Structure formats: structure tokens, C-alpha cells
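S.K.: Structure of the sequence below:
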Amino acid sequence: MSGFASALRERRRMIGTWVVTDNAIGAESLAGLGFDFLCVDGQHGLLDERAWLTVLTHIATRDGAVGIARVPGNDAVTIGRALDLGAEAVVVPMIDNAAQAAAAARACRYVPEGNRSYGPMRAEPRGAGTPAEANGRVACVVMIETAEALADIDAVCAVDGIDGVLVGPFDLTLALGGTGFGDPAVADRLTEALDRVAAAAERAGIAAGVHCPDAATAAKRLADGFTFATVSCDLMLLEEAATAALRGVRG
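M.R.: Residues are numbered from 1 along each chain as shown. Model prediction:
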């Protein structure tokens, strides 16, 4: 079992960030800073599949963060491809219900636990373990970011093979009727939704994660019961550091 998969299943606290740029050296640098994981964003990020491989390979050269991947959607071929390229876990966006979560979990595992096709040329070369062992080394995380998923949250968390749920607060804010993330009109509803997700995950004994725009928000979410969090992304961290440097010089 990979360190990430075991930590997720043991509900250990973890902090990660997103890689949204096609910048393998930048991802390699971030990987050595102390993050527990870096998530290559294949849904909204500016990377094609070849860049997934390059970034995941560079992350693996550093002691520290492991590389996982958010796939564009709940597609078995794409999920299997991300794992074949070396992702230690997949994050599947826009899950609406337990049936869709179950399909994602099956796509991550070989038979008899799932329907992943065997051919991991980089992730698990021939002789590096059995398919059954590989099933234990990968993790499946599904995103809670729709009203339907929130309504079915207990059933989603109870799906066999789901190792964690990750709240996407931007889309969930829209689903709750907000006009955009941070909309004060739905702030209380978003807090209630986050509490519901964290509680459902705890009841099911799986990890509960949430994306956070900054460190202060991540610290609060972890204190409120979430077990892992993603903080910002490589592009925004770069912009924030550059802005701070300019302000420091110009005043």
C-alpha cells in the first residue's frame, strides 16, 4: 500500500496543493517543500496527458510529496490511464450519487474488485507486484460539489472502494444558490454543507478533504473535522509570492 493510500485510509492529517501549470520543474520544487501530496489537475489545469506523465515523474524524484491526479471526469479509461502514468490516487470530479462513486472506485481496481484494464507500463512494471497488491496501493477520492452529491452524501461515503471525499467549494457554492465563492448569502449554507460532509465521512470511516484558497482557511477546516486539505495551486502561489516581493520593494 502506498504511503498516500494508507495515510488516507487511516485518516491522517495531510496538506496538499494543486499543479495547474505545465511546469515539471516547479512541481518538483514544490514536492520537496513539505506538502504531503501534489494533485495534478487534469480537469481545469493547463496540462495535457503528456504533461501529466512529466509532472508525476518529476514529483517522484523528490522525497516528500506524492503525485496524485484529478481526472477530467468519471471515465474508466481516463482513470486507468492516470494510474498507469504513475498517479498514486485519482480524484474524480462532479460525482452526483453513490452509483457514480461506485463506478469510479471500480475503475481504480483490477478484477475482481473492479474493471481496470491491466497494463501499467510505468506505475507497476512487470514483476513489481500482483494486481491484488496494486488494488491496495491506489486510492480513489470523489469530489462533493453538487447538490445531488450532498443529498446522497451518506450513501456516497459508504461505497466500497471509496477512500475519501473532497469538497469542491467553488462549484458547491454555486449549487447552493450562490453567485460565486465567498458569496455571503450562502455562507451559512456552505458551512452546514461542509459539516455534513465531514460528519458523513467520519461515520463511514473514510477521509474528508476540502479545497481551500489559503492557509488560514485550511487550518480552520482541519480544526473543524476535515482530515486533509488542498491549499491554493502552483500558479496562485507564484502570483502571491511575486506580488509580495513587488510590494516589499515598492512599498
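
S.K.: So which residues of the stretch 151-251 of the chain form helices?
M.R.: 153-157, 169-175, 187-204, 215-223, 234-250 (DSSP state H, counting those that start in this stretch).

S.K.: Looking at those, which is nearest to residue 78?
M.R.: helix 169-175 (19.2 Å; C-beta to C-beta). For every residue, glycine as well, the C-beta is placed using N, CA and C.

S.K.: how far is that closest one from where the chain is centred?
M.R.: Offset of helix 169-175 from its chain centre (C-alpha atoms, centre = their mean, to the nearest Å): 16 Å.

S.K.: so who does residue 80 touch?
M.R.: 107, 116-117 (C-beta atoms under 8 Å, 6 or more residues apart in numbering).

S.K.: try residue 246
M.R.: For residue 246, the contact set (C-beta under 8 Å, 6+ apart) is empty.

S.K.: again, but for residue 90
M.R.: Residue 90 is in contact with 68-71, 79, 82-83, 104, 108, 138-141, counting by C-beta under 8 Å, 6+ apart.

S.K.: Where does it sit, in terms of helix or strand?
M.R.: In this structure, residue 90 sits in strand 89-92 according to DSSP states H and E.

S.K.: Neighbouring strands - and their directions - for that strand?
M.R.: Looking at strand 89-92 with DSSP bridges, its partner strands are strand 66-70 (parallel), strand 139-144 (parallel).

S.K.: Could you give the average pLDDT over stretch 71-80?
M.R.: Across stretch 71-80, pLDDT averages out at 98.

S.K.: coming back round to it: and of the contacts of residue 80, the nearest to residue 224?
M.R.: residue 107 (30.9 Å).

S.K.: From residue 47, how far off is the residue most central in space within the chain?
M.R.: Nearest residue to the geometric centre of the chain (C-alpha atoms, centre = their mean): residue 91, 4.5 Å. Residue 91 is 14 Å from residue 47, where distance means C-beta to C-beta, to the nearest Å.

S.K.: now residue 159
M.R.: Computed as C-beta to C-beta, the residue 159 to residue 47 distance reads 28 Å.
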